[in-house]
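A.B. asks: any chance you can model this:
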Amino acid sequence: MFSILTNIKGAYFIPDILIFLGFLQIYTFLNILGRANVVIRGFMEKVKVIARNKKIFRTYEIIDKLDAGIALVGTEIKSIRDGKVSFRDSFIDIVKLEAWFIGFHIAPYTAGNRWNHDENRKRKLLLNKREIRKWDSKVKERGLTVVPIEIYLKNGKAKLRIGLARGKTSFDKRHDIKAKDVKRDVARLMKDAGR
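C.D. replies: Sure thing, here's the model as predicted:
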């Protein structure tokens, strides 16, 4: 084992070829299981969060999350990449087994021309019928709602993270505020103790 490690100025390191060989062995093992492409894609995915709906976490308790694609036009994706979006008054509605993202504001693209998009139009969410059916039944039975959490870019494509949520009561909100205050006080005491 130690013969593999190389000593340069007192620091041991594993040569790059051995790291590559280890990765190759893992890749071969995962390929046998049929999971290699999933793992490789996981290493290569780049995710950039564009905007978060912070108000949701104060007013709702998120039970389940799901990522959905959004049907957009060309100037909309360009404005999203510029970060010119707003979640104010946006919500998700399920009608006839189709999920719609309503009230989401995407500012007009500055370099757009007369074919620029409508800012507050309804946008269709790209989900499986099975997922929509499952969430729709939960919304109708239990009194839950579907809320937008954040929008992000994944490999250049806009995705929306949505959540199945239950509204918080005033007691729950007070409890969250109290827990946050206690956490802040403990952090302050730990910082003062370190001085």
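A.B. asks: per the record, what domains does this protein have?
C.D. replies: Per automatic domain parsing, the structural domains of the chain span 6-44, 47-172.
A.B. asks: how far off centre is the longest one?
C.D. replies: Put plainly, it is domain 47-172. Taking Cα atoms, centre = their mean, to the nearest Å, one finds domain 47-172 lying 11 Å from the centre of the chain it belongs to.
A.B. asks: the longest helix in the chain is where?
C.D. replies: Scanning the chain for the longest helix, with DSSP state H as the assignment, gives helix 170-193.
A.B. asks: determine the set of other helices and strands touching that helix.
C.D. replies: Contacts defined by 3 or more Cβ pairs under 8 Å, 6 or more residues apart in numbering; DSSP states H and E place helix 170-193 against helix 55-59. For every residue, glycine as well, the C-beta is placed using N, CA and C.
A.B. asks: got the CA positions of the helix it packs on in CSV?
C.D. replies: The C-alpha coordinates for helix 55-59 follow below in CSV (Å, rounded to 0.1, in the frame of the first residue of the first chain):
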residue,chain,number,x,y,z
LYS,A,55,-42.4,33.1,1.3
ILE,A,56,-43.6,29.5,0.8
PHE,A,57,-41.5,28.2,3.7
ARG,A,58,-43.1,30.7,6.1
THR,A,59,-46.7,29.9,5.2
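A.B. asks: mind listing what's buried along it?
C.D. replies: Buried residues in helix 55-59, counted by 16 or more other Cβ atoms under 10 Å: I56, F57.
A.B. asks: then stretch 103-114?
C.D. replies: Under 16+ other Cβ under 10 Å, the buried positions of stretch 103-114 are G103, F104, I106, A107, Y109.
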